[in-house]
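Asks: 3D, please:
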Amino acid sequence: MRVLLDTVTFLFASDTPERLSHRARSVLGDSGNIRELSVLSFSEIALKNALGKLAMDRERALVAVGDLQLQILSYLPEHALRLFDLPLHHKDPFDRQLIAQALAENIPVVTCDERFALYKGLRVIW
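Replies: Numbering: from 1, shown residues only. Here you go, the predicted structure:
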């Protein structure tokens, strides 16, 4: 099964895995699953790092991707076009883009953010 980690899940998995739910740990620990991280998460982390809101630099992010055996999912035009169809349940632009990407790819998102579940057709794992 393919799964997309939201940025917070990626940060939890890399720094504080005990904060993951049992189900999230199980899904991420299953080597049969294809675990993906959006390139958008790099943008979000870089921005928050520059603003001093997060302490994860480029090297640490890349090491975490390798340690967690994640594949990087590119952000494509069809992902951005899905934003036109999204209701405004979630106002965070990075999360809205991840939701649109997951819907376009038809893959579940591993997230603790309860607002993701408000989007029809989006499968959420937590």
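Asks: roughly how far does the most centrally placed residue in the chain sit from Cys112?
Replies: What sits nearest the mean C-alpha location of the chain, by CA atoms, centre = their mean, is Asp6, with 1.8 Å. Per CB to CB, to the nearest Å, Asp6 is found 8 Å from Cys112. (Glycine included, C-beta is placed from N, CA and C.)
Asks: just Leu122 next, same as before
Replies: Leu122 is 14 Å from Cys112, by CB to CB.
Asks: so the two - more neighbours on which side?
Replies: Leu122 (19 against 15; other CB atoms under 10 Å).
Asks: wait, a strand at the more buried one?
Replies: No - according to DSSP: H, G, I helix; E, B strand; the rest coil, Leu122 belongs to no strand; its state is coil.
Asks: mind listing what it touches?
Replies: 99, 102-103, 108-109, 116 (CB atoms under 8 Å, 6 or more residues apart in numbering).
Asks: of these, which belong to helices?
Replies: 99, 102-103 (DSSP state H).
Asks: avg pLDDT for whichever helix or strand Val63 is part of?
Replies: Taking DSSP states H and E as the definition, one finds Val63 inside helix 58-67. The average pLDDT within helix 58-67 is 97.
Asks: which neighbouring elements make contact with that helix?
Replies: helix 7-15, helix 39-50 (3 or more CB pairs under 8 Å, 6 or more residues apart in numbering; DSSP states H and E).
Asks: just give the nearest non-adjacent residue to Ala24, would you?
Replies: Leaving out its chain neighbours, the residue that sits closest to Ala24 by CB to CB, 6 or more residues apart in numbering is Val110, at 5.3 Å.
Asks: ditto for Phe116
Replies: Val124 (5.0 Å).
Asks: okay, and the beta partners of that neighbour?
Replies: Val109 (DSSP bridges).
Asks: tell me the contacts of it?
Replies: Per CB under 8 Å, 6+ apart, neighbours of Val124: 108-109, 111, 116-117.
Asks: which of those are buried? Put it as a PyMOL command.
Replies: This is the PyMOL syntax for the buried subset of the contacts of Val124, where burial follows 16 or more other CB atoms under 10 Å:
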select buried, resi 108+109+111+116
